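Chemist: Next come a sequence and a model predicted from it.
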Amino acid sequence: MGDDFPNHARPNVKANAVAHLNALQVDEDVTLLEELVSRYREKTGHLPRSFSDLTAANFLRGIPVDPLGHLYKLMPDGHVEVRVPDDLPFIEKGIRWATFHRSPSFQRELTCRRSG
């Protein structure tokens, strides 16, 4: 980065990049985990009750965690969610749409879009 890029902005750029990389990882994890849930259902005829069921059936090596170390949640309908969506801005998967729309980060983004 040349002299045109202020030094004080570099930490913000890095934090933003990390947040985006974490979001990409979550989106990939959720897609894979939901595919495993689907395969488990095909094999057993029912959804797993927990990630422990997937581990016992050798679909997973252990209980999955998001990039921040929080356990993912396996919902009764087979969807996978993150535990703390506000800690993972930019994620597109792993959240309930209604929860997402009520979240403070979404409300701030919506406010910025309306005023901009």
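Modeler: Sure thing, it's come through. Numbering: from 1, shown residues only.
Chemist: Going by C-alpha atoms from here, please, whenever you check contacts or count neighbours.
Modeler: Will do.
Chemist: Give me the neighbour count for Leu74.
Modeler: 20 (other C-alpha atoms under 10 Å).
Chemist: Equivalent analysis for Pro64, please.
Modeler: The burial count for Pro64: 18, using other C-alpha under 10 Å.
Chemist: and if you look at Val30?
Modeler: Counted with other C-alpha under 10 Å, Val30 comes out at 23.
Chemist: Could you pull up the contacting residues of it?
Modeler: Each residue near Val30 by C-alpha atoms under 8 Å, 6 or more residues apart in numbering is listed here: Val80, Glu81, Lys93, Gly94.
Chemist: Which of those residues fall within strands?
Modeler: Those of the contacts of Val30 mapping onto strands are Val80, Glu81, per DSSP state E.
Chemist: for the chain, longest helix please?
Modeler: helix 10-44 (DSSP state H).
Chemist: so who does the residue nearest to Thr31 when sequence neighbours are not counted touch?
Modeler: In this structure, Thr31 finds its nearest non-sequential neighbour in Lys93, 7.8 Å apart by C-alpha to C-alpha, 6 or more residues apart in numbering. For Lys93, the contact set (C-alpha under 8 Å, 6+ apart) comprises Val26, Asp27, Val30, Thr31, Glu81.
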